[in-house]
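> here's a sequence, model it:
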Amino acid sequence: MSGTGSALHSNTLSFDTSGTPLPAESSPQRLFDRLFVPESREDCVATLRRYSEKKSILDAVLDEAKLLNRKLGKADQKKMEQYLSSVRESEKRIERMEQWVDVKKPDVNPRGLQLTSQARNAHDRMMWIDVMLELSYLAFVTDTTRVISYEWSREAGGFGGGGESHHEFSHHGGDPGMLAKLGTIDRFHLTRLARFLEFLKSTKEGEGNMLDNTIVLYGSGMNSGKGGGHSPKNLPTLIAGGNKLGLQQGQHIAFNENDHPPLANLLLTIIQKMGVETETFRDATGTLSGLA
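Purely as a prediction, here's the structure:
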């Protein structure tokens with residue numbers, strides 16, 4: 001989803017090291033253009049000029065902030081350091097984007113891609129999810145990126161295949177009719193995920209397929225609870241792929257909702273299997289037993 005939304009309702013899954021939500025893209029056409037449409041030399045020069053101007057502004061902000069920091073007390077200096085860290089991250093992000101300006105984009109034919117699909121159009125709902133996942137698959141196939149985060153609905157919103165309100169039915173209160181409709185929406189989303197996984201599975205890579213070498217994490221940050229009240233506990237989370245990376249599939253791992261390892265243990269396990277050498281991640285107490 002594009003933008004970052006409001007507090008506690010951000011339309012993104014990606015954040016920088018200081019916790020600032022990073023803008024996302026919801027337009028299939030704009031996403032395709034950014035990934036696969038080559039820019040003219042004039043456009044590249046203009047882009048580099050914009051990046052240079054942004055870096056100059058950030059440098060000026062840093063200089064002024066450092067001067068101000070000397071006059072602050074310890075508590076305010078700590079807050080200032082958080083702010084300065086955010087500015088430094090912005091500088092690093094611009095430097096990374098500069099490096100990509102002259103990298104040749106892969107040649108991808110847009111034929112058959114529903115690039116005009118709209119995220120919030122009930123008629124387009126399935127087409128929009130499918131084309132965004134198709135673009136994700138194409139980005140993997142062309143090695144344009146190795147990591148993708150995709151939020152097709154924010155926690156307190158979202159729609160079913162026909163535009164039904166996911167949030168409305170999540171407050172089911174145990175009503176069988178609403179639970180049935182909620183189940184229909186959940187199955188719809190899982191069929192779209194299964195289609196994407198089949199793309200990966202049908203693509204040969206090395207001695208296996210792309211799914212063997214890819215870890216797909218699917219889930220939500222809340223559930224509808226037994227009576228329809230939102231809860232951050234006992235979240236159903238699906239992990240697909242990763243057979244060649246050391247993950248054990250074909251199992252259901254359950255934990256006591258009142259005595260369970262933190263979710264960060266799962267994320268730390270995934271991080272390590274993707275080749276990142278670290279023993280810590282947020283509040284993780286270790287890796288998730290039984291998964292690897």
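> and the helix or strand hosting Phe32, how far out from the chain middle?
Phe32 is part of helix 28-36, with elements assigned from DSSP states H and E. Averaging C-alpha positions (C-alpha atoms, centre = their mean, to the nearest Å) puts helix 28-36 17 Å from its chain's average.
> which residues are in contact with the spatially most central residue of the chain?
In the chain, the residue lying closest to the centroid (C-alpha atoms, centre = their mean) is Ser149, at 2.1 Å. Taking C-beta atoms under 8 Å, 6 or more residues apart in numbering as the contact definition, Ser149 lies against 12-14, 24. Yep, even glycine has a C-beta here, placed from its N, CA and C like the rest.
> and the helix holding Phe32, what's its mean pLDDT?
Confidence for helix 28-36, expressed as mean pLDDT, is 91.
> list the buried ones in the helix or strand just after it?
The helix or strand immediately downstream of helix 28-36 is helix 41-69, counting by DSSP H and E. By neighbour count with 16 or more other C-beta atoms under 10 Å, helix 41-69 contains the buried residues Tyr51.
> could you say what helices and strands helix 41-69 packs with?
Helix 41-69 makes packing contacts with helix 74-100 when contacts are defined by 3 or more C-beta pairs under 8 Å, 6 or more residues apart in numbering; DSSP states H and E.
> check which element follows the helix it packs on along the chain.
Downstream of helix 74-100 (by DSSP H and E), the next one is helix 125-141.
> dump that following helix to CSV, restricted to CA.
Provided in CSV are the C-alpha atoms of helix 125-141 (Å, rounded to 0.1, in the frame of the first residue of the first chain):
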residue,chain,number,x,y,z
ARG,A,125,-9.2,-6.7,-5.8
MET,A,126,-8.1,-10.1,-7.1
MET,A,127,-6.3,-8.6,-10.1
TRP,A,128,-4.5,-6.1,-8.0
ILE,A,129,-3.2,-8.7,-5.6
ASP,A,130,-2.2,-11.1,-8.4
VAL,A,131,-0.3,-8.5,-10.4
MET,A,132,1.6,-7.2,-7.4
LEU,A,133,2.6,-10.8,-6.6
GLU,A,134,3.5,-11.3,-10.3
LEU,A,135,5.7,-8.2,-10.2
SER,A,136,7.3,-9.7,-7.0
TYR,A,137,8.0,-12.9,-8.8
LEU,A,138,9.5,-11.1,-11.9
ALA,A,139,11.7,-9.1,-9.5
PHE,A,140,13.0,-12.4,-8.1
VAL,A,141,13.4,-14.0,-11.5
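> mind listing what Gln248 touches?
Gln248 touches 290-292, counting by C-beta under 8 Å, 6+ apart.
> ok, so what distance separates it from Ala292?
Gln248 sits at a distance of 7 Å from Ala292 (criterion: C-beta to C-beta, to the nearest Å).
> next one: Gly275
For Gly275, the distance to Ala292 - C-beta to C-beta - is 13 Å.
> next: Ala139.
Computed as C-beta to C-beta, the Ala139 to Ala292 distance reads 26 Å.
> name the residue in those two with the higher neighbour count.
More neighbours surround Ala139 than the other of Ala139 and Ala292, with 19 against 14 (other C-beta atoms under 10 Å).
> and for the nearest residue in space to that one that is not next to it in sequence, the neighbour number?
Take Ala139 and drop its neighbours on the chain: the residue closest to it by C-beta to C-beta, 6 or more residues apart in numbering is Thr145, 5.1 Å away. Using other C-beta under 10 Å, Thr145 is surrounded by 10 other residues.
> isn't Thr145 right next to Leu138, touching?
No - the criterion here is C-beta atoms under 8 Å, and Thr145 misses it with Leu138 at 10.4 Å.
> just the strands in the stretch 151-292 of the chain please.
Taking DSSP state E, counting those that start in this stretch as the criterion, the stretch 151-292 of the chain contains strands spanning 204-205, 208-209, 215-218, 238-241.
> for Leu263, which of these is the nearest?
For the strands of the stretch 151-292 of the chain, the distance to Leu263 is smallest for strand 215-218, at 10.4 Å, taking C-beta to C-beta.
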